[in-house]
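[1] here you go, sequence then predicted model.
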Amino acid sequence: MIAEPKRALLVSPTDAAEEAAVSLRARRDWVSVRDADMIVALGGDGFLLQTLHAMLEERRILPVFGMNLGTVGFLMNEWREKRLDERIDNAKLFNVTPLRMEAETIDGQKISLPAINEVSLLRETRQTAKLEVEVNGRVVLPELVCDGVLVATPAGSTAYNLSAHGPILPLGSALLALTPISPFRPRRWRGAILPETAVIKFRVLDPVKRPVSAVADQREVRDVATITVSIDRTSTLKLLFDPEHALDDRIAMEQFVV
C-alpha cells in the first residue's frame, strides 16, 4: 500500500493568498512543515525566497511547489486549484544551489549568510563605492568605482542582475554572473561570467569614508570591510514546476522579452 503524500501548505499574509488558501484547506488534508514530505507555497517570489531561506536555516530541505498569488512570480507556477495533485505528481524537479556570503565588518564582526538569487554590495552614502575585486586569489580589478556590484546565480540572473544589465544564465550552466551597478571606473567594464567554482572576494577601499553594505537576497549587513562569495554545496534546494512552465525554459525565454 502506497502511503499518502504528506504536504504542508504555506501562505503569504496577503488577501489573495489567504483567500485561495481557504478553498485548499477545505478540500485537502495538510500537515505541519515538520511532518511534511513537500511544501505547497502560495504567494510571490519574495514569499518563496523566505520559505527557502527558512529551510536553509532549519537544515531540512523539502521540495517546494509554489503558486503565484503575488506580483511577478517568476519562480512560481500559475495559480490553479484544479487537478493540483496531478500537477504536483507530474511536476519537473529543479535543484538550485545557493551562494554563501562571508562578510566581515569594519569593526571585525563576521557574518555568514546564504543567498539564492544574488549577493549585492551597495554604497551607503552619496560617495561612490571603491572596491578591490579578487577571483580565486588573484586581484582582477584593483579598483572598481561604482554604486555597487553583485554576484548572481542562474536562478537569480533574471532578477536584480538583469535590471543591472547583467547576463541571463541558463539553469544548469554552472556559471555565476559578476555584474557592476552603475560603474564609473573602469568605464567600459560591464562585468564577467565566471564558473560556479569561482571564489569571489571584495575588499572595500576606504570603508569609513565610503561605507558599503552587503545584501544576501533580502538580508543586509552594513559597513562591511571584506566579502567573500562562493557556491554553498552543502545545501541544495528543490523547486517543482509544471512541465510547460519549467524554470529553465522561463530563464531562456527571458532573453527574448522586449
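    Received the coordinates, thanks.

[2] buried set for stretch 105-114?
    105, 113-114 (16 or more other Cβ atoms under 10 Å). C-beta coordinates here come from the backbone N, C-alpha and C atoms, glycine included.

[3] mind checking the SS state of residue 48?
    Secondary structure state of residue 48, per DSSP: H, G, I helix; E, B strand; the rest coil, is helix.

[4] and it, how far from residue 158?
    Using Cβ to Cβ, to the nearest Å, residue 48 is found at 14 Å from residue 158.

[5] re earlier: closest to residue 248 out of the buried residues of stretch 105-114?
    Using Cβ to Cβ, residue 114 comes nearest to residue 248 of the buried residues of stretch 105-114, at 21.9 Å.

[6] isn't that closest one up against residue 235?
    Yes - Residue 114 is within contact range of residue 235, at 7.0 Å (criterion: Cβ atoms under 8 Å).

[7] ranges for the helices of the stretch 1-150 of the chain?
    Applying DSSP state H, counting those that start in this stretch to the stretch 1-150 of the chain gives helices spanning 15-27, 45-58, 84-89.

[8] what helices or strands is the shortest one leaning on?
    Other elements packing on helix 84-89 under the criterion 3 or more Cβ pairs under 8 Å, 6 or more residues apart in numbering; DSSP states H and E are strand 38-43.

[9] partner strands of the strand it packs on, parallel or antiparallel?
    Its sheet considered, strand 38-43 pairs with strand 7-11 (parallel), strand 64-68 (parallel) by DSSP bridges.

[10] in the protein, what helix or strand scores lowest on average pLDDT?
    helix 247-253 (a mean of 76; mean pLDDT, DSSP states H and E).

[11] could I get the buried residue list for that one?
    For helix 247-253, by 16+ other Cβ under 10 Å, it's 247-248, 251.

[12] the nearest residue to residue 139 once chain neighbours are set aside bridge partners, please.
    Distances taken as Cβ to Cβ, 6 or more residues apart in numbering put residue 132 closest to residue 139, at 6.2 Å, once the chain neighbours are dropped. Beta bridges link residue 132 to residue 203, judged by DSSP bridges.

[13] roughly how far does residue 132 sit from residue 113?
    21 Å.

[14] repeat for residue 157
    According to Cβ to Cβ, residue 157 stands 19 Å off from residue 113.

[15] ok, residue 15 next?
    In this view, residue 15 and residue 113 are 31 Å apart by Cβ to Cβ.

[16] now residue 36
    Distance of residue 36 to residue 113, computed by Cβ to Cβ: 25 Å.
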